[in-house]
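Colleague: build me a model from this:
(2 chains)
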Amino acid sequence: MSTATEPVRILPQSPANSGSDSGEGQLLEVSMGPQHPSTHGVFRMDVVLDGERVVRLKPVFGYLHRNHEKIAEHETYLGSMPYTDRLDYICSLTNNWAYALAVEKLAGIQVPERAEYIRIITAEMTRFLNHAALIGFLTQDMGASGTPLMYAFRERETILDLFESLTGARMMCNYMRFGGCRVDLPAGWLDQAKKFAATLPRFLEEFERLLATNEILMARTQGVGVLSKEFAVNAGVTGPVLRASGVNYDVRKVDKYGIYDRFAFKVPLGEHGDTYDRYMIRLLEMRESLKILNQALRDIPEGPIVDPKTKIRGFKPKPGEAYGRIEAPKGELGFYLISDGTANPYRYRVRSSCMMNLTVLEDLCIGHNVADVVVILGSIDIVMGEVDR
Amino acid sequence: MDENLKSELRKQGIVATTLQELYNWGRKNSLWPLNFGLACCAIEMIAASMARYDMARFGAEVFRPSPRQADLMIVAGTVTKKMAPQVVRLYNQMAEPKYVISMGACAISGGPFKQGYNVLKGIDRYIPVDVYIPGCPPRPEALIDALMALQKIIDKQSLTGADRPRHLQADAPSEFVVPEFGAHDLEPSQNPEVWQPPLVNISLGGTDDAGKH
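Modeller: Sure thing, here's the model as predicted:
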């Protein structure tokens, strides 16, 4: 395995330029990662450069391959739930939901109304904190060291406080269950959440004013890494990256899973498909998340939070297969399950949004400067836990 | 030096100290961690350096992307068998004196992913670890606690004598074996200088807790 042992090497000269000793036409191969401050985890890119320009880029992953799917085949259905937290470790609650949805489809379980509302509240909060953190990391990659990320993490801590009082954990919530949720909202949680939601417009205003018309940000992102509509669809890109290219595809609107059809919200679309659009779409989606959050906090009914007929112990769905998918903050996250009637899934497959979105990275980067690679990678929004699984 | 005399002098505005205390005081309050996150725990590591927890209060907020400038490696997350050689190589590239915090269940033992075929069962098989933080992931407070524990360790290190730390012993190793993929697994599977399998004493003819045979 040749990894970081020889990070930099000069490739042989191309025949057209052989003989000139000016260095013209010489290609330089640089290994970015796996330890790199801007690769969002342990991700490596073999970048071939002509001067500053990227000629080829080969993503190398597997540095965080934690055998999630194989372990899940030996676990019970519920036993895999804590592992889903650790897929995309910034948004554990949406991962929980996608998995619960797949199992509910497989076993034909209904979810009570209150549980659906709780799921939507937590999922939209998760989307909010993911997008805020993403913009922080993206601007950090561009050199805005600290400030936007600190603003984002300030809001993140407030959301995590709410998650902690609800689920008992900050990051690894392990909260959804098949047919509902694990525990009911604690006393006063809704008021706290409403109070928090009331502070969010001010944060969004501040966050947008801080960056959206910043000259450096515009220079670094506009026209960089343009993803065309057709190519995005053909490559299987989903989520904000796809919508930034102008394709109107949001699983919340297409599938109307849960009770998303009851909420009034818009799907923001980009025009150019460049990095700036991918950045802007996140800001707009945070606004829409806030709309959904406010409606859900207003309308949440009383009632049971879990279907009483669901068996926790000895849960064995009938033989069959099911695919459950949701609009996770990073794109379409799906779980494909095959049951053979035993307590363990026969096959357990994760359709990872980050992994699919990452496949377009080379095409976005070619022709741009090497400094733009980290910006484009940041705007795609990957988490290695979900890419490598 | 007599402690009473020291405090008397301090009242007069005179600080008396030893070179060792001064040296350790300087080192422990400017630990620069390596900017190096592996998995989930890295997010909590970032959270610890952000405004609410603010690791800068303990002099450890300057995350360095280069191992040459770092004093402390926080192994934050699951170490897979593909990543383990890189982690050991980064540790070798750090300048002495260097310290390691093993953050989270995965870095300690493989954690929830221990049964996986690609997961290393603890980074302490290859490099010496100073502080372990349990948790999945540990809270930022736990990381700060570990940092303070490490500061206490540094404070106690003496510059002379047989128990002086590794970086002051000329014959002590500062580089460790970098594992490589062999036919089946990482080779070597552990570094015996650093880690040996724990010996479990099982006596078959003994009595159990109830006193019965």
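
Colleague: the least confident helix or strand in chain B by mean pLDDT close to chain A?
Modeller: Least confident helix or strand of chain B, by mean pLDDT, DSSP states H and E, is strand B:186-187 with a mean of 84. No - using CB under 8 Å from any CB of the partner chain, strand B:186-187 never reaches chain A; the gap is at least 10.8 Å. From N, CA and C alone the C-beta is placed, and that goes for glycine too.

Colleague: for that strand, which strands pair with it and how are they oriented?
Modeller: Taking DSSP bridges as the criterion, strand B:186-187 sits next to strand B:180-181 (antiparallel) in its sheet.

Colleague: list of residues touching the strand it pairs with?
Modeller: Residues outside strand B:180-181 that contact it (CB atoms under 8 Å, 6 or more residues apart in numbering or on different chains): A:1, B:81, B:85, B:186, B:187.

Colleague: my read: the fourth one touches residue B:83, true?
Modeller: No - in this structure, residue B:186 is not within contact of residue B:83 by CB atoms under 8 Å, at 10.8 Å.

Colleague: and the two? Which one has more around it.
Modeller: residue B:83 (25 against 18; other CB atoms under 10 Å in any protein chain shown).

Colleague: the closest residue to that one other than its chain neighbours: how many residues sit nearby?
Modeller: Spatially, and ignoring its direct neighbours in sequence, residue B:83 is nearest to residue A:63 (4.5 Å; CB to CB, 6 or more residues apart in numbering or on different chains). Neighbourhood size, residue A:63 [other CB under 10 Å]: 28.

Colleague: which ones are touching residue A:63?
Modeller: Per CB under 8 Å, 6+ apart, neighbours of residue A:63: A:34, A:41, A:42, A:43, A:44, A:384, A:388, B:80, B:82, B:83, B:86.

Colleague: got the contact list for the fifth one?
Modeller: Contacts here follow CB under 8 Å, 6+ apart; on that basis residue A:44 touches A:3, A:31, A:32, A:33, A:34, A:36, A:59, A:60, A:61, A:63.

Colleague: kindly report the residues of chain B close to chain A.
Modeller: Applying CB under 8 Å from any CB, we find that chain B lies next to chain A at B:34-40, B:42-44, B:46-47, B:50-52, B:63, B:65, B:67, B:77-78, B:80, B:82-83, B:85-86, B:89-90, B:112-113, B:115-119, B:136-137, B:139, B:180-181.

Colleague: what subset of those residues is buried?
Modeller: For the residues of chain B next to chain A, a burial check counting by 16 or more other CB atoms under 10 Å in any protein chain shown picks out B:34-40, B:42-44, B:46-47, B:50, B:63, B:67, B:77-78, B:80, B:82-83, B:85-86, B:89-90, B:112-113, B:116, B:118-119, B:136-137, B:139.

Colleague: ok, for the residue of chain B found nearest chain A, nearest residue in space, not its chain neighbours?
Modeller: Per CB to the nearest CB, residue B:116 is where chain B lies closest to chain A, at 3.2 Å. Of all residues not flanking residue B:116 in the chain, residue A:67 sits nearest, at 3.2 Å (CB to CB, 6+ apart).

Colleague: can you pull the contacts of that neighbour?
Modeller: Here residue A:67 is in contact with A:389, B:113, B:115, B:116, B:117, B:118, B:119 (criterion: CB under 8 Å, 6+ apart).

Colleague: closest one of the residues you listed to residue A:26?
Modeller: In terms of CB to CB, no member of those lies closer to residue A:26 than residue B:118, at 37.2 Å.

Colleague: which helix runs longest in chain B?
Modeller: The residue-count maximum for a helix in chain B (DSSP state H) belongs to helix B:140-156.

Colleague: surely residue A:150 touches residue B:49?
Modeller: No - Residue A:150 lies out of contact with residue B:49 (CB under 8 Å); the separation is 9.5 Å.

Colleague: between these two, who's got more neighbours?
Modeller: Using other CB under 10 Å, the more surrounded residue of residue A:150 and residue B:49 is residue B:49, with 22 against 16.

Colleague: contacts only, for that one.
Modeller: By CB under 8 Å, 6+ apart, the residues touching residue B:49 are B:55, B:56, B:61, B:63.

Colleague: can I get the contacts of strand B:180-181 in CSV with distance to residue A:213?
Modeller: Converted to CSV, the contacts of strand B:180-181 look like this (distance: CB to CB, whole Å):
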residue, distance to residue A:213
A:1, 46
B:81, 47
B:85, 46
B:186, 51
B:187, 56
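
Colleague: okay, now the residue nearest to residue A:112 when sequence neighbours are not counted: neighbour count?
Modeller: Spatial nearest neighbour of residue A:112, excluding adjacent residues (CB to CB, 6+ apart): residue A:304 at 4.9 Å. By other CB under 10 Å, 13 other residues sit near residue A:304.

Colleague: my read is that residue A:304 contacts residue A:180, right?
Modeller: Yes - using CB under 8 Å, residue A:304 is in contact with residue A:180, at 7.4 Å.

Colleague: what do the two both touch?
Modeller: A:112, A:115.

Colleague: picking up where we left off before, which one of the contacts of residue A:44 sits in the busiest neighbourhood?
Modeller: Of the contacts of residue A:44, residue A:63 is surrounded by the most neighbours, 28 neighbours in total, counting by other CB under 10 Å.

Colleague: ok, residue A:61 - contacts?
Modeller: Residue A:61 neighbours (CB under 8 Å, 6+ apart): A:43, A:44, A:358, A:384, A:387, A:388.

Colleague: could you redo the last one with a cut-off of 10 Å?
Modeller: Contact analysis of residue A:61 by CB atoms under 10 Å, 6 or more residues apart in numbering or on different chains lists A:33-34, A:41-45, A:355, A:358, A:382, A:384, A:387-388, B:82.

Colleague: just the ones in helices from those, please.
Modeller: Using DSSP H, the contacts of residue A:61 in helices are A:355, A:358, A:384, A:387, A:388.

Colleague: go ahead and build a PyMOL selection from the buried members of the residues you listed.
Modeller: In PyMOL, this line selects whichever of those come out buried by 16+ other CB under 10 Å:
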select buried, chain A and resi 355+358+384+387+388
